[in-house]
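> Need coordinates for the below:
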Amino acid sequence: MSEKWFVTMKKADFDAIGAKFGIDPVTARIIRNREIVGDEAIADYLACSAQKLHDPHMLKDADKGAQILAGKIGQKKKIRVIGDYDIDGVNAAYILLTGLRACAAQADHVIPDRVHDGYGVNSGMIEKALSDGIDTIITCDNGISAAQEIAYAAESGITVIITDHHEVPFTLDENGGKIYHIPPANAVINPKQADCAYPYSGLCGAAVAWKFVQVLYEYMGIPVERSFEMIAHVAFATVGDVMDLTGENRMLVKLGLQAVHKTENPGLLALIGQNHLEREQIKSWHFGFVLGPCINASGRLDTAKRSLQLLMEPSMEKASQLAGELVELNDRRKNLTLKGLEEAKRLIEEQKICQDKVMVVYLPQCHESLAGIIAGRIREQYHKPIFVLTDADDGGIKGSGRSIEAYSMFEEMTKCGGLMTKYGGHPMAAGLSMNKENADEFRRQLNAYSTLTEEDFVEKVHIDVAMPLSYISARLIREFECLEPFGKGNEKPVFAVRNVHPLRASIVGKNKNVLRLLLDDGAGGSIDAVYFGDIEAFLAFLREKSSKGQVEALLHGGPQQISFSITYDPSIDTYQGRERVQIIIRHYC
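I've put the predicted structure just below:
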């Protein structure tokens, strides 16, 4: 896969910004690169206070929905929360249930089974609600694309409140204009609605549910501050559902991480403990790559009810047992994913799928719940939009897609919507169901409609600062913590340096999978570096650039003239209580 490196060159007086806010000019430059401009915006970015969160009453239908719900609670009506089987849906259901119980509501919940029910509300759930005497359904992280099912509930006399964050379904008129289709619910709370005045549309499902609970608390006479008991779950879902960590989302995650560091929730504590972590250590990375996959694993291979049960569990002993089961499930999921990924790569190369602009790969043996993870890994390798299709229980096909910035997946799917029985999602990710015989035509139409060019498939490496290695210090690395939490939309800063000379190199680690180097940038000092990528490919690159003999000399501590350019992360390595500054190599050229 090809790469292009770009140094971001936004202009500002970095020395003046640094002096004003007590930060290094390098930190000031990174903040400017994140489009944070002006004293007030910089102060907000650095401080991140709860007072700066947007007013939840600005969400369309939030007051209407809260009013309806307050009345239902007063009348002791039966309320049912319908969530989703992923990290966002599970945390959103936790937030709604916890909020409803604080209001003394008679509330229960249903989380669809990924395989048997599919995504979101279905007619079977409406029928079950009717037979159970349910008066009101509240959806979370779903509902916006279930117009038919919501209409059925409304006709049957059930009150429906939708809380969701997915794109509003639309069709195109003859002039290419969008006609939006909002389900006929009693209240629809989703910041993606065109007529919603809420100033930030990028919230996850759990954040929308949390905002709604805040409004409900006001109607029920409960202090709104109590909603902050659940902010850790908003942060968990925001990172886990890969939302942009910009604006309000970044504030929610920052506040949520502070709450996690003090959490007493037995479920969260048990999950952290079973992953051999301490609550004070948790960063956004752990949400996304350690804890989140355990929550998702139950919805993939078993039932997401187990994850919700963990978060709701009051007993630490029982929570530890549940968390241990989720960690085991996640280990199983990792092994199955690896098998599916290897098969997908084989088919992509053998069937020349890699030559398509939009890749569609069919894995009949793959567990349908793993399609999205596999699609994400393939997208990383090929830097192309990809749909992974698998066999569904009903004899049809289910699929998950992952996209690149240049390709709005949900919009592109709409162009061939007639081929699918169900679909939905975001610009960067989507899910679908279709009849088997439509799979080839789906691939053909996606590629026929695609306007992607070769330039779109080149991975762009955006460098924040070209910084000499001699400038790095432990103080500066600690200061960079003010830029956190890192994630999509607020990535870790990328540093680069040209023409570094390795003084020595050795392959270390139990599995010989780490390359450790001592690097000199010619500007007055040397620094330890580690590389965790494909070591053989890196050494092959060095042999091609210099010679086999030069690389041998490097690995044996002899003199050589090798030099190359790198992007890197500065970090502090702590070993036996001693700290030393090092860098982690990300890219080389």
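> Could you use CA atoms for every contact and neighbour count after this?
Noted.
> Need the pLDDT of residue 395.
pLDDT for residue 395: 87.
> Ignore what I typed, I meant residue 118.
68.
> hang on, residue 79 is in a helix, isn't it?
No. Counting by DSSP: H, G, I helix; E, B strand; the rest coil, residue 79 is not found in a helix; it is strand.
> right, and residue 493 touches residue 466 too?
No. With contact defined as Cα atoms under 8 Å, residue 493 does not count as touching residue 466 (11.0 Å).
> Comparing these two, which residue is more hemmed in?
residue 493 (20 against 16; other Cα atoms under 10 Å).
> What distance do you get for residue 92 to residue 307?
For residue 92, the distance to residue 307 equals 12 Å [Cα to Cα, to the nearest Å].
> Looking at those two, which is more packed in?
Neighbour comparison, residue 92 and residue 307: the larger count goes to residue 92, with 33 against 27 (by other Cα under 10 Å).
> Not counting sequence-adjacent ones, nearest residue to the more buried one?
What sits nearest to residue 92 in space, not counting adjacent residues and going by Cα to Cα, 6 or more residues apart in numbering, is residue 206, at 3.8 Å.
> do residue 543 as well
Residue 543 sits nearest to residue 551 (Cα to Cα, 6+ apart), 6.2 Å away.
> Any chance you could list what contacts the strand or helix carrying the one you found?
Here residue 551, judged by DSSP states H and E, is contained in helix 548-555. Helix 548-555 is contacted from outside by 502-506, 539, 542-543, 559-562, using Cα atoms under 8 Å, 6 or more residues apart in numbering.
> go again using 10 Å as the cut-off
With contacts defined as Cα atoms under 10 Å, 6 or more residues apart in numbering, helix 548-555 is touched by 502-507, 517, 539-540, 542-545, 547, 556-562.
> Show the buried residues in those.
Buried members of these, scored by 16 or more other Cα atoms under 10 Å, are 502-506, 517, 539, 542-543, 547, 560, 562.
> Output those as JSON lines; include the columns distance to residue 369, secondary structure and pLDDT.
Formatted as JSON lines, those follow (distance: Cα to Cα, whole Å; DSSP: H, G, I helix; E, B strand; the rest coil; pLDDT from 0 to 100):
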{"residue": "502", "distance to residue 369": "44", "secondary structure": "strand", "pLDDT": "95"}
{"residue": "503", "distance to residue 369": "47", "secondary structure": "strand", "pLDDT": "94"}
{"residue": "504", "distance to residue 369": "45", "secondary structure": "strand", "pLDDT": "93"}
{"residue": "505", "distance to residue 369": "42", "secondary structure": "strand", "pLDDT": "94"}
{"residue": "506", "distance to residue 369": "40", "secondary structure": "strand", "pLDDT": "94"}
{"residue": "517", "distance to residue 369": "40", "secondary structure": "strand", "pLDDT": "96"}
{"residue": "539", "distance to residue 369": "37", "secondary structure": "helix", "pLDDT": "95"}
{"residue": "542", "distance to residue 369": "40", "secondary structure": "helix", "pLDDT": "95"}
{"residue": "543", "distance to residue 369": "42", "secondary structure": "helix", "pLDDT": "95"}
{"residue": "547", "distance to residue 369": "47", "secondary structure": "coil", "pLDDT": "94"}
{"residue": "560", "distance to residue 369": "50", "secondary structure": "coil", "pLDDT": "93"}
{"residue": "562", "distance to residue 369": "46", "secondary structure": "coil", "pLDDT": "95"}
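> Distance-wise, check the residue most central in space within the chain relative to residue 102.
Nearest to the mean C-alpha position of the chain, counting by Cα atoms, centre = their mean, stands residue 242 at 1.5 Å. Residue 242 sits 29 Å away from residue 102, taking Cα to Cα as the criterion.
> With residue 444 as the reference, measure out to residue 188.
36 Å.
> next one: residue 145
Counting by Cα to Cα, the gap from residue 145 to residue 444 is 25 Å.
> do residue 514 as well
Counting by Cα to Cα, the gap from residue 514 to residue 444 is 42 Å.
> Ok, residue 31 next?
Counting by Cα to Cα, the gap from residue 31 to residue 444 is 43 Å.
> which strands and helices sit next to the helix or strand that residue 130 is a member of?
Assessed by DSSP H and E, residue 130 sits inside helix 123-131. Secondary-structure packing of helix 123-131 (3 or more Cα pairs under 10 Å, 6 or more residues apart in numbering; DSSP states H and E): strand 78-82, strand 136-140, helix 147-155.
> Of these, which is nearest residue 461?
strand 136-140 (36.0 Å; Cα to Cα).
> which residues touch residue 297?
For residue 297, counting by Cα under 10 Å, 6+ apart, the contacting residues are 85-87, 303-304, 306-307, 326-334, 369-370.
> what stretches of this protein score poorly on pLDDT?
Applying pLDDT under 70 to the chain flags residues 1, 115, 118.
> where do the helices sit along the stretch 151-300 of the chain?
205-220, 231-240, 247-260, 266-274, 284-286, 292-301 (DSSP state H, counting those that start in this stretch).
> right, so those helices: which one is the most enclosed?
helix 231-240 (a mean of 28; mean count of other Cα atoms under 10 Å).
> Just the C-alphas of it, formatted as CSV.
The C-alpha coordinates for helix 231-240 follow below in CSV (Å, rounded to 0.1, in the frame of the first residue of the first chain):
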residue,chain,number,x,y,z
ILE,A,231,-20.9,9.7,32.3
ALA,A,232,-18.2,7.0,32.4
HIS,A,233,-20.6,4.9,30.3
VAL,A,234,-21.1,7.8,27.8
ALA,A,235,-17.3,8.0,27.4
PHE,A,236,-17.0,4.2,27.0
ALA,A,237,-19.6,4.1,24.2
THR,A,238,-18.3,7.2,22.5
VAL,A,239,-14.8,5.7,22.1
GLY,A,240,-16.1,2.1,21.5
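> tilt between it and helix 292-301?
70 degrees (axes from the mean of the first three to the mean of the last three Cα atoms, to 10 degrees).
> Against which helices or strands is helix 231-240 packed?
helix 87-102, helix 205-220, helix 247-260, helix 284-286, helix 292-301.
> Verify the contact between residue 521 and residue 469 for me.
Yes. Contact status for residue 521 versus residue 469: in contact at 6.4 Å, counting by Cα atoms under 10 Å.
> tell me which strands and helices the longest helix seen in the chain is in contact with?
Criterion DSSP state H: the longest helix present in the chain is helix 316-350. Helix 316-350 makes packing contacts with helix 266-274, helix 292-301, helix 305-312, strand 359-362, helix 371-382 when contacts are defined by 3+ Cα pairs under 10 Å, 6+ apart.
> on that earlier part again, between residue 514 and residue 444, which has more neighbouring residues?
Higher neighbour count among residue 514 and residue 444: residue 514, with 17 against 14, using other Cα under 10 Å.
> List the residues that contact the more buried one.
506-508, 530-535.
> Pick out whichever of those sits closest to residue 461.
Using Cα to Cα, the contacts of residue 514 come closest to residue 461 at residue 533, 16.2 Å.
> Next, count neighbours for the closest one.
Neighbour tally, residue 533, other Cα under 10 Å: 14.
> now it: how far from residue 509?
For residue 533 relative to residue 509 (Cα to Cα), the value is 13 Å.
> close enough to count as contact, residue 501 and residue 523?
No. Residue 501 is beyond contact range of residue 523, at 11.0 Å (criterion: Cα under 10 Å).
> Which residue of these two possesses the greater neighbour count?
residue 501 (19 against 11).
> before we move on, the earlier item: name the surrounding residues that touch the helix holding residue 130.
Contacts for helix 123-131 (Cα under 10 Å, 6+ apart): 78-80, 82, 110-112, 117, 132, 134-137, 146, 148-150, 152-154, 156-158.
> Perfect, I'm done here.
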